[in-house]
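**Student:** need the 3D shape of this:
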Amino acid sequence: MTSLLVNGGALLFLAFIVWWFWLTKPKAKQVAAGEPIEIIVDDGVYTPPRIEVPVGKPVTLRFIRRDASPCAEKVLFDDFGLSAELPIGKPYDLTFTPEQSGEFEFTCQMRMYRGKLVVG
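**Tutor:** Purely as a prediction, here's the structure:
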């Protein structure tokens, strides 16, 4: 009976993990043109994790790192060839112009923190 409870609990936990990491779609953050979009880097996540911006217009992402973990030191936008070192407790502005529509992932250097930039 105990092994049945343990196995059932493990299956529920695995289902939760799959739902949390692969099946949830966070709400996208939208701001008016010209305003920086604040992204908090803390507790293993980017908040907000999904950002919508217009194609062909300059965008400024303001990263505020609160997590002292070495994983949070850097943010990478591989599709745009961009990366930035993020200081702890100080805002860091990353400004660029996305020239193509689509969904582009941004991550930490270890690919544990994940976010989406939706350009449209």
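
**Student:** now do the buried residues in whatever helix or strand Leu14 lives in.
**Tutor:** Using DSSP states H and E, Leu14 sits within helix 2-18. When burial is assessed from 16 or more other C-beta atoms under 10 Å, helix 2-18 yields no buried residues. The way it works is simple: take the backbone N, C-alpha and C, and place the C-beta from them, glycine included.

**Student:** list the contacts of it.
**Tutor:** By C-beta atoms under 8 Å, 6 or more residues apart in numbering, no residue outside helix 2-18 reaches it.

**Student:** following it, which helix or strand shows up next?
**Tutor:** Next in sequence after helix 2-18, counting helices and strands by DSSP H and E, comes strand 37-42.

**Student:** after that next one, next one along is what?
**Tutor:** Counting by DSSP H and E, what follows strand 37-42 is strand 45-47.

**Student:** partners of that next one, with directions?
**Tutor:** According to DSSP bridges, strand 45-47 has the following sheet partners: strand 37-42 (antiparallel).

**Student:** what's the mean pLDDT across the partner strand?
**Tutor:** For strand 37-42, mean pLDDT is 95.

**Student:** quick one: that strand to chain centroid distance?
**Tutor:** From the chain centre to the centre of strand 37-42 is a distance of 9 Å (C-alpha atoms, centre = their mean, to the nearest Å).

**Student:** skipping adjacent residues, who's closest to Ile40 in space?
**Tutor:** Computed as C-beta to C-beta, 6 or more residues apart in numbering, the closest residue to Ile40 that is not its neighbour in sequence is Thr47, at 4.4 Å.

**Student:** the helix holding Leu14: how far from the chain's middle?
**Tutor:** Relative to its chain's centre, helix 2-18 lies at 28 Å (C-alpha atoms, centre = their mean).
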